[in-house]
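In: Sequence first, predicted model second:
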Amino acid sequence: MRIKIWLVLAIALVAGALVLGGCTTKVVSAPSGSVLNTVTAAGEGKAIAAPDQAEMSFGVTTQGTEAKKTLDDAAKQADKIIAALKKAGVAAEDLQTSGVSLYPQQDYSNNRAPRITGYQATVEVRVTMKDISKVGDIIEAGAGAGANQISGPTFTLSEKSASREEAIKAAVADAKARAEVMAKAAGKSVGDVISISETGVSAPPIYYGGGAERSALDSTYAAAIEPGTLDVTANVTIVFELK
């Protein structure tokens, strides 16, 4: 027992000698959940971009007295539309069946209980066009293949667009400028970036014609479509060192 006590005392004396000799390690930490000497700023950046893709919906509606046959007829017609869209240059991965519906048609006349008189089936196909110069050709192809419900196009911006990057860069510059104003007002200066986060990049799509459905479209209408431009907005939040 005495040996152990002397061993503990010896270790304590050595540690004390190291402290007196200047061989110390000092750890400074901020209170939990906070960072010392920082300034946080939010920035917003904008850019103008030409849309680089478009989306449309092509649908076909059929009517009949038998539910299964009515739905089968709609599906067969949708297959023809898909084949025509592929022939017009739409890739298979850019085609998607977006909706299938079947509803009974009922007769409410003569104040009697409703009676089913037939069925109505609809199949919709959504198309993403990576080459917006072909929008007119795609519309004509879908209408020519029997689509009797056509909506769009909706012009959008892909995630790979350089305009998104431009907006983010502008947002970062805006956040830094705001941080510098706050730092100067406090008699400080802005140092390194401690953290940065993107809080959103938006590019509201352009809806052509309000998404109205049309039963037939001619080449004159198709050629008149203009994609216009999109307003891209980016928002970031940056935490800077405050010196």
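Out: Thanks, I have the structure now.
In: C-alpha from now on. contacts and neighbour counts both.
Out: Noted.
In: elements contacting the longest helix seen in the chain?
Out: Counting residues, the longest helix found in the chain (DSSP state H) is helix 162-185. Helices and strands touching helix 162-185, by 3 or more C-alpha pairs under 8 Å, 6 or more residues apart in numbering; DSSP states H and E, are strand 38-49, strand 190-202, strand 230-242.
In: Now do that helix against strand 230-242: the angle between them, please.
Out: Calculated by axes from the mean of the first three to the mean of the last three C-alpha atoms, to 10 degrees, helix 162-185 forms an angle of 40 degrees with strand 230-242.
In: May I have helix 162-185 as CSV, with CA atoms only?
Out: Provided in CSV are the C-alpha atoms of helix 162-185 (Å, rounded to 0.1, in the frame of the first residue of the first chain):
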residue,chain,number,x,y,z
ALA,A,162,-24.3,26.7,-65.9
SER,A,163,-26.8,29.5,-64.9
ARG,A,164,-27.4,27.7,-61.6
GLU,A,165,-23.7,28.0,-60.8
GLU,A,166,-23.7,31.7,-61.8
ALA,A,167,-26.5,32.4,-59.4
ILE,A,168,-24.7,30.5,-56.6
LYS,A,169,-21.5,32.4,-57.1
ALA,A,170,-23.4,35.7,-57.0
ALA,A,171,-25.1,34.6,-53.8
VAL,A,172,-21.8,33.8,-52.2
ALA,A,173,-20.4,37.2,-53.2
ASP,A,174,-23.5,38.9,-51.8
ALA,A,175,-23.2,37.1,-48.5
LYS,A,176,-19.5,38.1,-48.2
ALA,A,177,-20.4,41.7,-48.9
ARG,A,178,-23.1,41.7,-46.2
ALA,A,179,-20.7,40.1,-43.7
GLU,A,180,-18.0,42.7,-44.4
VAL,A,181,-20.5,45.5,-43.7
MET,A,182,-21.5,44.0,-40.4
ALA,A,183,-17.9,43.3,-39.4
LYS,A,184,-16.8,46.8,-40.2
ALA,A,185,-19.7,48.2,-38.2
